[in-house]
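> Need coordinates for the following:
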Amino acid sequence: MHGNVWEWCQDDWCENYEEIKKSKKQQNQADKALRGGSWYSDPDGCRSACRSYDLRPVSLNTCGFRVVCGAGRTL
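Residues are numbered from 1 along each chain as shown. The predicted structure is shown next:
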């Protein structure tokens, strides 16, 4: 799945995740975390450890989300 689209995350973007633990930063900030790169990214950006961010209301053909279903359930 690497390189398909950037995957939106529920987490707010933070430059340093150690700081977010200390500050108890309010959730629902404007910038949301993205991970994984897209077909439009450079090869080094197409990996699950790659992180970025964008505004929540942004709609791009390089960003998407993954539908997850718990074990034992079907859609």
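
> Quick one: residues contacting Gly64.
By CB atoms under 8 Å, 6 or more residues apart in numbering, the residues touching Gly64 are 4-8. The C-beta positions use only the backbone N, C-alpha and C, and glycine is treated the same way.

> Tell me what it is bridged to.
Glu7 (DSSP bridges).

> Quick check: the gap between it and Trp8.
7 Å (CB to CB, to the nearest Å).

> Out of the contacts of Gly64, the closest to Cys46 would be?
Proximity of the contacts of Gly64 to Cys46 (CB to CB) peaks at Asn4, which lies at 8.9 Å.

> Identify the residues contacting the closest one.
Contacts of Asn4 (CB under 8 Å, 6+ apart): 36, 38-39, 64.

> can you pick the most crowded of the contacts of Gly64?
Most neighbours among those, by other CB atoms under 10 Å: Trp6, with 26 neighbours.

> which one is that one nearest to, not counting chain neighbours?
Spatial nearest neighbour of Trp6, excluding adjacent residues (CB to CB, 6 or more residues apart in numbering): Leu34 at 4.2 Å.

> What's the mean pLDDT across stretch 16-28?
For stretch 16-28, mean pLDDT is 64.

> Next, count neighbours for Ser38.
Neighbour count for Ser38, taken as other CB under 10 Å: 21.

> distance of Thr62 from Gly72?
Taking CB to CB, one finds Thr62 at 33 Å from Gly72.

> Between those two, which has more neighbouring residues?
Legend: neighbour count by other CB under 10 Å for Thr62 and Gly72, higher for Thr62 (14 against 5).

> The chain: strands as residue ranges?
Secondary structure of the chain, counting by DSSP state E: strands at 6-12, 31-35, 51-55, 63-64.

> could I get these as JSON lines with mean pLDDT and distance to Gly45?
JSON lines is the format used below for these (pLDDT from 0 to 100; distance: least, CB to CB, whole Å):
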{"stretch": "strand 6-12", "mean pLDDT": "82", "distance to Gly45": "9"}
{"stretch": "strand 31-35", "mean pLDDT": "85", "distance to Gly45": "10"}
{"stretch": "strand 51-55", "mean pLDDT": "83", "distance to Gly45": "8"}
{"stretch": "strand 63-64", "mean pLDDT": "80", "distance to Gly45": "13"}
